[in-house]
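Q: structural data only, the sequence is not supplied:
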């Protein structure tokens, strides 16, 4: 039974190999998804040099990351789960990157909180490439216009797009769609690919991949 550190090294090697095959060496950031795992499970991965992590819920992240950040001040924390407008204040205070902007109300609340706190987390728009009713994210057909409104109306510096393809479909077309939308919206970052498909995502241009169970094990 391998431990999290050994699995981390395996994932890093696969990312390096996939990036090299795509002529994109050193172009992909690993976001280790630590949702549901406590600080004791995360520390060995931090000690192994991993510094970028993803969490789904603001409240859960508040319970474990302030103390970890005090011990590892160079870590980078991404919010990769849906954001409710009443959690914008906490999200801006805690996260370095917020990947899940998907509607006007969230954009407005984040803009207000960023101005109030004087903090500027990096921002991504989440796209619902599969148009799934149960999944967060903006309609692909509205993405370019929404990114423009985030910038021009709310003053938000959107740097990337994020997507989670439908679990029962080939992810390739969804990754290709996100890459196309990123070019049209003039954003440089693509957060796509998870434990089961991150190598494919890298082939389609992912600049970061969100890997949880392949590192930490099943939840």
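A: Yes, it's here. Only a predicted model underlies this, so the values are computations on that prediction, with no experimental measurement involved. Numbering: from 1, shown residues only.

Q: so how far is the longest helix seen in the chain off the chain centroid?
A: Criterion DSSP state H: the longest helix present in the chain is helix 4-21. Put simply, helix 4-21 sits 18 Å off its chain's centre (Cα atoms, centre = their mean, to the nearest Å).

Q: which outside residues touch the first helix or strand past that helix going along the chain?
A: Once the chain leaves helix 4-21, the next helix or strand it forms, by DSSP states H and E, is strand 29-33. For strand 29-33, contacts defined as Cβ atoms under 8 Å, 6 or more residues apart in numbering pick out 8, 11-12, 15, 45, 50, 52-56, 78, 80, 191, 194, 207-212, 215-216. Glycine gets a C-beta too; all of them are placed from N, C-alpha and C.

Q: can you pull out the helices in the chain?
A: 4-21, 39-47, 58-71, 88-94, 104-117, 143-152, 171-185, 198-203, 213-216.

Q: name the residues that touch the longest one?
A: Read that as helix 4-21. With contact meaning Cβ under 8 Å, 6+ apart, helix 4-21 is reached by 2, 25-28, 30, 32, 41, 44-45, 47-48, 50, 198-199, 202-203, 209, 211, 214-217.

Q: repeat for the shortest one
A: Helix 213-216 is contacted from outside by 4, 7-8, 10-11, 32-34, 37, 41, 45, 195, 219, using Cβ under 8 Å, 6+ apart.

Q: out of these, which are buried?
A: 4, 7, 8, 11, 32, 33, 34, 37, 45, 195 (16 or more other Cβ atoms under 10 Å).

Q: before we move on, back to that, among the contacts of helix 213-216, which pair sits farthest apart?
A: Greatest spatial distance among the contacts of helix 213-216 (Cβ to Cβ): 10 and 219, at 18.6 Å.

Q: so how many other residues sit close to the residue lying closest to residue 113 once chain neighbours are set aside?
A: Nearest residue to residue 113 in three dimensions, chain neighbours excluded: residue 92, at 4.3 Å (Cβ to Cβ, 6 or more residues apart in numbering). Residues lying near residue 92 (other Cβ atoms under 10 Å) number 23.

Q: in contact with residue 92, which residues?
A: 98, 110, 113, 114, 117, 119, 121.
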